[in-house]
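**Student:** got a structure for you, letters missing:
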């Protein structure tokens, strides 16, 4: 018999030994499509996944940062603190001492900063800071980077806060900057570039 079965008919057509082993570790609730893992104490632990990111659960590791950014309005530049997810590659770069606009970062779980589609501020970060507009999408993307590279999770232990970054706002990070392309941006090519010599 084959072990590749439709989950609805798993108990009817699959090898019974495989089915019994499967049943010991995972229970699938077909109505809500929520996967529950059985603990040794037979207590059920809910590991619901997100509709936009079925590969992620609320228990997944993520780092959220508090950064100083700038907004340009009517010719003036205003400072604003924002809360945003930090991907693993960026966090590794920050730990190498590059100048950054991040003041601090907190390691937490996806479920503590996302309630369904609603973003929540981590209690450890400045409550007056704004959450970035695309927080949910960026949080999912950042959480995936820590799943791929689990070694980055050791930089800030879960529940920990880190604030010894090389903080600098010398190079201002403008959130609403618009790039206007002009003819002056074109690269000047040598006159012989397109000629056959």
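**Tutor:** Noted; the coordinates are in hand. Bear in mind that the values here come from a model prediction, so they are computed numbers and not experimental data. Numbers count the residues shown, from 1 in each chain.

**Student:** please enumerate the helices of this structure.
**Tutor:** In the chain, the segments counted as helices under DSSP state H are 10-13, 16-25, 88-94, 110-113, 135-148.

**Student:** got the contact list for the fourth one?
**Tutor:** Defining contact as Cβ atoms under 8 Å, 6 or more residues apart in numbering, one finds that helix 110-113 is touched by 50, 56-62, 64, 119-122, 135, 139-140, 143. (Each C-beta comes from the backbone N, C-alpha and C, glycine too.)

**Student:** change it to 7 Å
**Tutor:** By Cβ atoms under 7 Å, 6 or more residues apart in numbering, the residues outside helix 110-113 that reach it are 56, 58-60, 62, 64, 119-120, 122, 139, 143.

**Student:** tell me where the model's unsure across the protein.
**Tutor:** Counting by pLDDT under 70, the chain shows low-confidence ranges at 1-48.

**Student:** what's the closest non-adjacent residue to the residue nearest the centre of it?
**Tutor:** When Cα atoms, centre = their mean is applied to the chain, the residue found nearest the centroid is residue 142 (2.1 Å). In space, and not counting its chain neighbours, residue 142 is closest to residue 85: 3.7 Å by Cβ to Cβ, 6 or more residues apart in numbering.

**Student:** and the one you found, how far is that from residue 134?
**Tutor:** Plainly put, residue 85 is 10 Å away from residue 134 if you go by Cβ to Cβ, to the nearest Å.

**Student:** likewise residue 89?
**Tutor:** Distance, residue 89 to residue 134, by Cβ to Cβ: 18 Å.

**Student:** gap between residue 191 and residue 120?
**Tutor:** Here the distance between residue 191 and residue 120 works out to 60 Å (Cβ to Cβ).

**Student:** which of these two has more residues huddled nearby?
**Tutor:** residue 120 (13 against 7; other Cβ atoms under 10 Å).
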